[in-house]
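Peer 1: Dropping a prediction and its sequence here:
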Amino acid sequence: MHFNLIHWLFDDPVTAGSSAGLSGPEPFHFYIPWIIFCSLGVLVAFYYSIEGRKRFFKSNPIVKYMLDRYLGWLAIICIIGYPLIFSRAYLAPYFFAWRVWRYLWLASLLVLAIIWIVYLVRKYPKERDNYRAYQNRQQYIPKSNKRKTRTASSR
């Protein structure tokens with residue numbers, strides 16, 4: 001007996017269960033962890049966009065920029081996870097219950113994690129150092145006095 005990847009990825013759970021000798025659809029045991037992960041991902045992104053951005057990263061624009069970018073994508077991936085798990089649970093003989101969708105979802109999550117790690121290792125230290133150098137230069141540039149400018153223009 002040989003393994004057929006096409007049938008394994010593109011068969012719905014009912015067909016996969018009957019071809020494997022099961023009486024019903026193929027079992028899927030990861031509903032609770034999947035729902036918890038998607039809920040936490042959406043919750044973290046929502047909290048960051050509402051409160052965390054102002055509260056924790058007010059004076060650090062580089063971290064704000066990074067989290068804006070990557071938490072937005074995490075929220076999108078987690079929101080897409082809800083219909084996938086719903087279709088696996090309730091639409092078993094149909095198109096979106098195929099394994100390929102869950103593995104593409106997992107691959108997109110893995111790609112996001114890799115992109116985030118590459119950013120943290122390669123780009124973030126350079127951007128952080130550039131921002132620190134900018135702040136260091138700004139402390140030596142004299143600030144304009146707006147009061148004197150206003151009174152001079154009113155004459």
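Peer 2: Received, thanks.

Peer 1: Could you look up the SS state of the residue lying closest to residue 102 once chain neighbours are set aside?
Peer 2: Residue nearest to residue 102 in three dimensions, not counting chain neighbours: residue 84, with 6.1 Å by Cβ to Cβ, 6 or more residues apart in numbering. (Glycine included, C-beta is placed from N, CA and C.) Put simply, residue 84 is helix when judged by DSSP: H, G, I helix; E, B strand; the rest coil.

Peer 1: Contacts only, for residue 84.
Peer 2: 96, 101, 102, 105 (Cβ atoms under 8 Å, 6 or more residues apart in numbering).

Peer 1: Tell me which other helices or strands the helix or strand harbouring the third one touches.
Peer 2: Assigned by DSSP states H and E, residue 102 belongs to helix 99-118. In terms of contact count using 3 or more Cβ pairs under 8 Å, 6 or more residues apart in numbering; DSSP states H and E, helix 99-118 is assigned the packing partners helix 5-10, helix 61-90.

Peer 1: Make CSV out of those helices and add distance to residue 147.
Peer 2: What follows is the helices and strands packed on helix 99-118, written out as CSV (distance: least, Cβ to Cβ, whole Å):
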stretch, distance to residue 147
helix 5-10, 70
helix 61-90, 28
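
Peer 1: which sections of this protein are below the confidence cut-off?
Peer 2: Low-confidence segments of the chain (pLDDT under 70): 1-3, 8, 14, 16-26, 148-155.

Peer 1: 90 instead, please
Peer 2: Counting by pLDDT under 90, the chain shows low-confidence ranges at 1-31, 48-70, 85-103, 119-120, 123-125, 127-155.

Peer 1: and residue 120, what is it in contact with?
Peer 2: Contacts for residue 120 (Cβ under 8 Å, 6+ apart) come out as residue 66.
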